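[1] Need the 3D shape of this:
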Amino acid sequence: MDTLPPKRAAVLAFLQQQAALGHAPSLAEIAAAFGFSSRNAAQKHVQALAQVGLIQLQAGQRRGIRLPGAGRGAALLSLPVLGRVAAGVPIGADIGLDQQLLLDAGVFSLRPDYLLRVQGDSMIDDGIVDGDLVGVHRSAEARNGQIVVARVEGELTIKRLEHGPRQIRLLPRNPAHAPIVVPAGADFAIEGLYCGLVRQG
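    Numbering: from 1, shown residues only. Alright, predicted model coming up:
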């Protein structure tokens, strides 16, 4: 899943989450969950996932999406929800146990250590929207272009990492938001890698 385009990976994570709940969503429900303007956009992602064997499509069925191996006792993870992360201007961390969730491990591309609730809309083009719970795999290192949870001057944000020759930038995935340029000598750290999301409700 880490080789998929981010939005397609988010669609797969959504399908895996729904499968864990015993529900096969329709194209209309997928489109609604991701804010797609039509079912055609949802269908494009679903067909691309089927082409690489990550899901199976049953012809002629409105809810004909199946996941290989679904229902065979998938591994469950008990993950803590540790506060919020900004998808926008960084917000002060309020790290503290909010709740504990039992989730299908197959939802995530890497094994997450904890979940953070997204606040803001700066990552919508990567399929991450306000209110999502994002899985975070603890890591102090990340490759250029990866989605990371970073701490800047004591505040947390989720963005794409850009390592330039002279500076680090944290890139939003919404044209309404400007990149965050990390000044030289700033209190900056990568807290972890984004590894999938859960959308509640």
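
[2] Where does the prediction get shaky in the protein?
    For the chain, the stretches flagged by pLDDT under 70 are 1-3, 20-22, 68-76, 89-98, 201.

[3] Can I get the top helix by length along it in CSV? Just the C-alpha atoms.
    What stands out as the longest helix in the chain, according to DSSP state H, is helix 6-20. The C-alpha coordinates for helix 6-20 follow below in CSV (Å, rounded to 0.1, in the frame of the first residue of the first chain):
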residue,chain,number,x,y,z
PRO,A,6,-1.9,8.7,-1.4
LYS,A,7,-5.6,9.2,-2.3
ARG,A,8,-5.8,5.6,-3.7
ALA,A,9,-4.1,4.3,-0.5
ALA,A,10,-6.7,6.2,1.5
VAL,A,11,-9.5,4.6,-0.6
LEU,A,12,-8.0,1.2,0.1
ALA,A,13,-7.8,1.9,3.8
PHE,A,14,-11.4,3.0,3.8
LEU,A,15,-12.5,-0.3,2.0
GLN,A,16,-10.4,-2.3,4.5
GLN,A,17,-12.0,-0.5,7.4
GLN,A,18,-15.5,-1.1,6.1
ALA,A,19,-14.7,-4.7,5.4
ALA,A,20,-13.5,-5.1,9.0
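
[4] got the contact list for that helix?
    Identification of contacts with helix 6-20 by CB atoms under 8 Å, 6 or more residues apart in numbering yields 1-2, 4, 24-25, 30, 33-34, 42, 45-46, 48-49, 54-55, 65-67, 70-71, 74, 103-104, 106-109, 125-128, 147, 173, 196-199. Glycine gets a C-beta too; all of them are placed from N, C-alpha and C.
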